[in-house]
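Asks: Give me the fold of what follows.
(chains A and B)
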Amino acid sequence: DAGVTQSPTHLIKTRGQQVTLRCSPISGHKSVSWYQQVLGQGPQFIFQYYEKEERGRGNFPDRFSARQFPNYSSELNVNALLLGDSALYLCASSFYRGTTEAFFGQGTRLTVV
Amino acid sequence: TQLLEQSPQFLSIQEGENLTVYCNSSSVFSSLQWYRQEPGEGPVLLVTVVTGGEVKKLKRLTFQFGDARKDSSLHITAAQPGDTGLYLCAGDDSSGSARQLTFGSGTQLTVLP
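Replies: Modelled structure (predicted):
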């Protein structure tokens, strides 16, 4: 069975640009969450989507947005990139909304220059 | 916002030694999870503890949840080089409508052959 897949694996962007990151959850999983992991720190919660609706949002600015599609895949968008947005962006899928046991993808390494 | 503190931040030991990693919070969590993360990869779930005082074993790894569900520990017996990685604890922080994880900053373990 395929695990959580994220694309691209690496990305370099310039300050002020916009970026879209993609995630496909494990088959049958309806909940997708996004986390940001800055070097040397643990992941920080950005969004949770369940059944195509946003169910929660972490302490991130409005430059961060996301959506979930009918096939439960998800996109994370970040506008007006800042140097501080450089991080590993992790997608986690869960079977249903009521569990926090998360299965993570390998992440997208975003570098903003 | 609930916070998790992990200690030590870095740990370098020789193969065959024992070690304990601690995860502490002033808040109560309904459950707590331990993950291991290797460079360039997403975190991999090791265990979930739910009941205060619960002890779970995974081969040479022993996980304990504090009686008050505010702290946890991970003990590794006879560490091997394959145990090298970033160990993260994460608490179930579902105060809102989202099921989100609050992560500690991690313990970077290096086991030398």
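Asks: Does A:Leu76 touch A:Phe64 like I think?
Replies: Yes: A contact is recorded between A:Leu76 and A:Phe64 when judged using CB atoms under 8 Å, the distance being 7.2 Å. Any C-beta I mention is one placed from the backbone N, CA and C, and that applies to glycine too.
Asks: The two: who's more crowded?
Replies: Each of A:Leu76 and A:Phe64 has its neighbours counted (other CB atoms under 10 Å in any protein chain shown); A:Leu76 has more, 25 against 17.
Asks: A:Thr108 against A:Ile12, yeah?
Replies: No: between A:Thr108 and A:Ile12 there is no contact, the gap being 11.4 Å when judged by CB under 8 Å.
Asks: residues from chain B in reach of chain A?
Replies: For chain B, the residues in contact with chain A (CB under 8 Å from any CB of the partner chain) are B:1, B:4, B:6, B:31, B:33, B:35, B:40-45, B:48, B:88, B:90, B:92-94, B:96-106.
Asks: what's the burial count for residue 46?
Replies: In the absence of a named chain, this looks at chain A. Burial measure for A:Ile46: 23 neighbouring residues, criterion other CB under 10 Å.
Asks: Chain B was what I was after
Replies: B:Leu46 has 17 neighbours, counted by other CB under 10 Å.
Asks: average model confidence for the one helix or strand it maps to?
Replies: In this structure, B:Leu46 sits in strand B:44-49 according to DSSP states H and E. Average pLDDT, strand B:44-49: 94.
Asks: Paired strands for the next helix or strand after it, with orientation please.
Replies: Past strand B:44-49, heading to the C-terminal end, the next element that is a helix or strand (DSSP H and E) is strand B:55-58. If you go by DSSP bridges, strand B:55-58 pairs up with strand B:61-65 (antiparallel).
Asks: still on that earlier bit, who does the strand holding B:Leu46 touch, helix- and strand-wise?
Replies: When contacts are defined as 3 or more CB pairs under 8 Å, 6 or more residues apart in numbering or on different chains; DSSP states H and E, strand B:44-49 sits against strand B:32-37, strand B:55-58, strand B:61-65.
Asks: and the second one, C-alpha only, in PDB?
Replies: Taking C-alpha atoms only, strand B:55-58 is exported to PDB below (Å, rounded to 0.1, in the frame of the first residue of the first chain):
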ATOM      1  CA  VAL B  55       3.700   1.300  30.000                       C
ATOM      2  CA  LYS B  56       4.200   0.000  26.400                       C
ATOM      3  CA  LYS B  57       7.100  -2.000  25.100                       C
ATOM      4  CA  LEU B  58       8.400  -2.100  21.500                       C
END
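Asks: Next, the buried residues of that strand.
Replies: Buried residues in strand B:55-58, defined by neighbour count with 16 or more other CB atoms under 10 Å in any protein chain shown: none.
Asks: count of neighbours near residue 25?
Replies: Because you didn't say which chain, this covers chain A. Neighbourhood size, A:Pro25 [other CB under 10 Å]: 27.
Asks: ah, no, chain B please
Replies: The criterion is other CB under 10 Å. On that basis, B:Ser25 has 22 neighbouring residues.
Asks: re the thing from before, more neighbours: which of A:Thr108 and A:Ile12?
Replies: Under the criterion of other CB under 10 Å, the comparison of A:Thr108 against A:Ile12 puts A:Thr108 first, with 21 against 12.
Asks: Tell me how far that one lies from A:Phe47.
Replies: When distance is defined by CB to CB, to the nearest Å, A:Thr108 is 15 Å away from A:Phe47.
Asks: A:Leu90 against B:Gly42, yeah?
Replies: Yes: the pair A:Leu90 and B:Gly42 qualifies as a contact (CB under 8 Å) at a distance of 5.2 Å.
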